[in-house]
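Asks: give me coordinates for this.
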Amino acid sequence: MHMSSNASEADSAGAGDMVVKPVQTVGIIGDGQLGMMLCQAANHLPVKTVLLTTDPSNPAAQAAESALVGEMSDAECIEELVRCCDIITYEREDIPATAIAVLRAAEQRGVVECFPSLTVIELIQDKGRQKTWLAEERIATLPFVLSDGDPNDAHRAAQQLGFPLVQKALRGGFDGRGVQVLRDEAALMRAWPGETLYEEYAGQFREVAVLLVRDRLGNTCAYGPVAMTFEEDYSVLDTVLAPADLGSEATESARALARHAIEAMDGVGTFGVEMFLLASGELLINEISPRVHNAGHYTIEACDSSQFEQHLRAVSGMKLADNQQHTPAAMRNLLCTPALAQESRMRSAQVSSAGPLSEHWYGKTPTRKMRKLGHITALGETTKEAMQRADARWEQIQRTALEANS
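Replies: I've put the predicted structure just below:
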């Protein structure tokens, strides 16, 4: 493992609202686009970033103050990260047990602080534990059945929960992976073996999310709720409308539900709280992500402060900034297709803006269909106008990519 440095001294602007020492070094575990955007947000704060990566040339590593090269499952590498940081945070939740053990020992020695806490990471990274905790805390969520791998559990879950029946992997499932819908008795033959989770199907619902930020003193602020749509075949987040048109009562209920959940787990940082809004008007938590979230990317252009800035403020002990949304917005993900894969290979990590449109490319070398290669954020007088702009730019990118590869 080795360290590489990319930047000079961190900008000290904003130090007047610190409640801890003026400049802190934040270690970030994970080197995807979320880590990259956290590092970019740190450029405007009295914070230095050290990003743990397996590839010092990737865009996230290049955006960091410095990069530590190594695997997050390597105990020595995590020890090195601890030695050069005041605070550890994450851009993903699938932190290996080895890393958690090293970080916990370091916290007990008083040499580093981890936010969100390791207890929260362990709770959320296992969907079975997360759902059980929600139920025990009497936080609204869909009925579920845990399976230890007994082949009869799928039939037992179907009898208890009915059809359609949703099966979820306990760990590692995201962007459409690790989730399947079993629609009838015959489909139970496709049930995955091993430990999984069966969940009641939500019926008619809208998917919404609140980005809830909570600092180390317990102060909170919320972005959203936003309305989300998903690519049907792969269940990957496709579009976001911000704000969601829910009405004032449902809006406040969604924020209150998110705040209740994150306060109950004593969470610190930005959390993506995904919810189902049922046809009855009831709000249920689908799942919680202990990190900045794709549904909050619009905050970079449409709000006084982004989810990324707020996360760094929260974990490092700074005051939370004003997070008011000043303009209706829409976001559309650039999901990998053969044409866009080639387009992405020709683009480095970059952000371009023209009036109400901003285009973010992550600099990824795509290997998987429907992988997130970037996103478009559009602003407008209304969310409808913003979505029309995002759609028009998305279609233009698709046409140009197809023509270039024809």
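
Asks: how about the helices of the stretch 201-350 of the chain, start to end?
Replies: Secondary structure of the stretch 201-350 of the chain (DSSP state H, counting those that start in this stretch): helices at 248-264, 299-302, 307-316, 338-345.

Asks: elements contacting the third one?
Replies: Contact analysis of helix 307-316 by 3 or more C-beta pairs under 8 Å, 6 or more residues apart in numbering; DSSP states H and E lists strand 24-29, helix 33-42, strand 87-90, strand 205-214, strand 269-278, helix 299-302 as its packing neighbours. Where C-beta positions appear, they are placed from N, C-alpha and C, glycine not excepted.

Asks: can you list those in a markdown table and add mean pLDDT, mean neighbour count and distance to residue 61?
Replies: Converted to a markdown table, those look like this (pLDDT from 0 to 100; neighbours: other C-beta atoms under 10 Å; distance: least, C-beta to C-beta, whole Å):
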| stretch | mean pLDDT | mean neighbour count | distance to residue 61 |
| --- | --- | --- | --- |
| strand 24-29 | 97 | 24 | 10 |
| helix 33-42 | 98 | 26 | 9 |
| strand 87-90 | 98 | 25 | 16 |
| strand 205-214 | 97 | 25 | 25 |
| strand 269-278 | 97 | 24 | 21 |
| helix 299-302 | 98 | 24 | 20 |
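
Asks: of all those, which one comes closest to residue 107?
Replies: Of all the helices and strands packed on helix 307-316, strand 87-90 sits nearest to residue 107, with 8.8 Å by C-beta to C-beta.

Asks: contacting residues for the residue most central in space within the chain?
Replies: The chain has residue 293 as the residue nearest its centroid, 2.6 Å off, counting by C-alpha atoms, centre = their mean. Neighbour list for residue 293: 209, 211, 270-272, 307 [criterion: C-beta atoms under 8 Å, 6 or more residues apart in numbering].

Asks: thinking again about what came up before, buried deepest among the helices of the stretch 201-350 of the chain, which one?
Replies: Most buried of the helices of the stretch 201-350 of the chain, by mean neighbour count (mean count of other C-beta atoms under 10 Å): helix 307-316, with a mean of 27.

Asks: ok, longest strand in the protein?
Replies: strand 220-231 (DSSP state E).

Asks: elements contacting that strand?
Replies: Against strand 220-231 (3+ C-beta pairs under 8 Å, 6+ apart) you get strand 205-214, strand 236-242, helix 248-264.

Asks: and those as TSV, adding distance to residue 25?
Replies: Formatted as TSV, the helices and strands packed on strand 220-231 follow (distance: least, C-beta to C-beta, whole Å):
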stretch	distance to residue 25
strand 205-214	21
strand 236-242	32
helix 248-264	25
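
Asks: now for residue 139, how many residues are close by?
Replies: Counted with other C-beta atoms under 10 Å, residues neighbouring residue 139 total 16.

Asks: remind me which residues of this protein are low pLDDT?
Replies: 1-22, 173-177, 366-367, 406 (pLDDT under 70).

Asks: hang on, residue 345 packs against residue 365?
Replies: Yes. At 6.3 Å, residue 345 counts as touching residue 365 under the criterion of C-beta atoms under 8 Å.

Asks: is it correct that residue 197 falls within a helix?
Replies: No. Assigned with DSSP: H, G, I helix; E, B strand; the rest coil, residue 197 falls outside any helix and is strand.

Asks: tell me who's in contact with it.
Replies: Shown in contact with residue 197 (C-beta under 8 Å, 6+ apart): 127-128, 131, 144-147, 167-170.

Asks: try it again with 7 Å
Replies: Residues near residue 197 by C-beta atoms under 7 Å, 6 or more residues apart in numbering: 127-128, 131, 144, 146, 168, 170.

Asks: bridged to it, which residues?
Replies: Under the criterion DSSP bridges, residue 197 forms beta bridges with residue 146, residue 168.

Asks: likewise the one 10 residues further on?
Replies: With DSSP bridges applied, residue 207 shows beta-bridge pairing to residue 228, residue 276.

Asks: ok, now how distant is it from residue 81?
Replies: Residue 207 sits 35 Å away from residue 81, going by C-beta to C-beta, to the nearest Å.

Asks: over to residue 49?
Replies: Where residue 81 is concerned, residue 49 sits at a distance of 12 Å (C-beta to C-beta).

Asks: can you show me the helices along the stretch 1-150 of the chain?
Replies: Along the stretch 1-150 of the chain, the stretches classed as helices by DSSP H, counting those that start in this stretch are 33-42, 59-63, 75-83, 97-109, 118-125, 127-136.
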